[in-house]
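> Sequence unavailable; structure follows:
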């Protein structure tokens, strides 16, 4: 099955994705951990056979002899992109049961797999990096942030204003959180990044970015501006160190 960015790959339940082996693909495991409440998980030992048969009936699993199966169609694309991905971005919104996941390749080559939790499972779609970046901005509800915020320099621990800024941001509940992990090369330590969005009184939306790779650490804060958000989203998606 040949797909191009923009293709809708269908909706899969957590049980279908796990049973098809998505948690055995890619560098970050498990990609889809089991929910805390068992009632939300569609997979049990008793109904694995039913899940397999359901995927086979849809033409998404093909028997290869014995008890072995191979993925086919849209499911094969989902698993192949997940296996090739070298960066994972997860969007967390307070109160949400599951995170929105976007899986990209190092350097931004190829499409981004967008896995969106829905009442019926996970809706899968292949998008390009630019479209995926736009989705991150939309998910953060910052599409209308003021352009003038881009002109305000970020603040870090070395700046005199850091103490007051970090204390104020820490006292306000975050409205959104995005976490990213990237495997840039087999020899390099995992790049882990987290950005939280805070709505500060009179100051508007601010971004607090933290980054860790091996022994290297970084933290910074800045108001949310459109260029800053685009730059941040792309860096997270392609597995590069993000800067505010």
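Nice, I can see it. Model, not experiment: these values are computed from the prediction.

> How much space separates the residue nearest to residue 23 when sequence neighbours are not counted from residue 21?
Nearest-residue entry for residue 23: residue 30, 4.2 Å, with adjacent residues in sequence omitted and distances by C-beta to C-beta, 6 or more residues apart in numbering. From N, CA and C alone the C-beta is placed, and that goes for glycine too. Between residue 30 and residue 21 the distance, using C-beta to C-beta, to the nearest Å, works out to 11 Å.

> go on, residue 193?
As defined by C-beta to C-beta, residue 193 lies at a distance of 27 Å from residue 21.

> Neighbour count: these two, which is higher?
For residue 193 versus residue 21, the count of surrounding residues by other C-beta atoms under 10 Å is larger for residue 193: 24 against 14.

> What pairs with the helix or strand encompassing the more buried one, parallel or antiparallel?
Using DSSP states H and E, residue 193 falls within strand 191-200. Taking DSSP bridges as the criterion, strand 191-200 forms sheet pairs with strand 176-182 (antiparallel), strand 204-213 (antiparallel).

> Can you add mean neighbour count, mean pLDDT and distance to residue 240 and give these back as CSV?
Supplementary listing: the strands paired with strand 191-200 in CSV, determined by neighbours: other C-beta atoms under 10 Å; pLDDT from 0 to 100; distance: least, C-beta to C-beta, whole Å:
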stretch, mean neighbour count, mean pLDDT, distance to residue 240
strand 176-182, 22, 93, 8
strand 204-213, 20, 94, 11
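
> how about the nearest residue to residue 142, chain neighbours excluded?
Distances taken as C-beta to C-beta, 6+ apart place residue 224 nearest to residue 142, at 5.0 Å, with adjacent residues excluded.

> doesn't residue 208 make contact with that neighbour?
No. Between residue 224 and residue 208 there is no contact, the gap being 10.6 Å when judged by C-beta atoms under 8 Å.

> quick one: strands adjacent to the lowest-mean-pLDDT helix or strand in the chain?
Every helix and strand in the chain was compared by mean pLDDT, DSSP states H and E; the lowest is strand 61-65, with a mean of 84. Strands adjacent to strand 61-65 in the sheet, as given by DSSP bridges, are strand 68-71 (antiparallel).

> helices or strands up against the helix or strand following the strand it pairs with?
Counting by DSSP H and E, the element after strand 68-71 in chain order, helix or strand, is helix 73-84. Contacting helix 73-84 under the criterion 3 or more C-beta pairs under 8 Å, 6 or more residues apart in numbering; DSSP states H and E are the following elements: strand 8-12, helix 14-20, strand 68-71, strand 112-118, strand 121-127.

> in its sheet, what does the last one sit against?
So that's strand 121-127. Each strand pairing with strand 121-127, determined using DSSP bridges, is listed with its direction: strand 8-12 (antiparallel), strand 112-118 (antiparallel).

> I'd like the distance between residue 19 and residue 97.
Using C-beta to C-beta, one gets 20 Å for the distance from residue 19 to residue 97.
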